[in-house]
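[1] I need the structure of the sequence given here:
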Amino acid sequence: MVQVTVDRIGLDQDSDQAVVLLGDLTKTTFIPIWIRSLEATAIAMALQGITPPRPLTADLVISVAEQLGAQIVMVIITEIKDETFYASLVLTKDGREINIDCRPSDGIAIALRKEVPIYVAEKVIAEAGMSAEDSSVQ
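    Next up, the predicted model:
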């Protein structure tokens with residue numbers, strides 16, 4: 001697994017969808033994940049430190065986990081199937097690790113709010129990663 005951060009969020013000019021660009025810690029490899037605008041807004045709010053007046057989905061998940069005594073540990077982008085990215089939200093409770101399937105966009109929004117690491121599986125990087133020299137990243 002490779003730890004990543006959110007490099008930026010923007011619009012893909014070809015599809016008019018939002019795209020979150022994850023970069024490894026050395027900023028040499030990037031993974032673009034296309035998401036809906038609502039999810040992009042939730043991620044952008046977390047990046048900017050904006051707290052919404054009412055809880056968004058990520059805020060709700062965090063609250064539920066905390067009320068149940070679980071700790072959010074990390075998010076892992078685990079695989080790509082049929083051009084769809086999959087992720088797991090990793091929690092611990094009473095010394096037990098719990099992996100919960102989630103959309104990458106929700107996982108990223110949660111990770112940013114809780115300031116926990118985001119990882120990408122090596123096979124995802126091999127399939128979807130691009131180098132910094134790629135002109136679409138610049």
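[2] Who are the contact partners of the residue nearest the centre of the chain?
    Central residue of the chain (C-alpha atoms, centre = their mean): Ile108, 2.5 Å from the mean position. If you count contacts by C-beta atoms under 8 Å, 6 or more residues apart in numbering, Ile108 has them with 6, 20, 22, 43, 75, 118. C-betas here are computed from N, CA, C, even on glycine.
[3] switch to 7 Å and redo it
    Contact analysis of Ile108 by C-beta atoms under 7 Å, 6 or more residues apart in numbering lists 6, 20, 43, 75, 118.
[4] Pull the host helix or strand of it out as CSV, backbone CA atoms only.
    Taking DSSP states H and E as the definition, one finds Ile108 inside helix 104-114. Listed next in CSV are the C-alpha coordinates belonging to helix 104-114 (Å, rounded to 0.1, in the frame of the first residue of the first chain):
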residue,chain,number,x,y,z
PRO,A,104,-13.6,6.3,-2.2
SER,A,105,-15.2,9.8,-2.1
ASP,A,106,-16.9,9.1,1.2
GLY,A,107,-13.7,7.5,2.6
ILE,A,108,-11.6,10.4,1.5
ALA,A,109,-14.0,12.9,3.1
ILE,A,110,-14.0,11.0,6.4
ALA,A,111,-10.2,10.6,6.4
LEU,A,112,-9.7,14.3,5.9
ARG,A,113,-12.1,15.2,8.7
LYS,A,114,-10.4,12.8,11.1
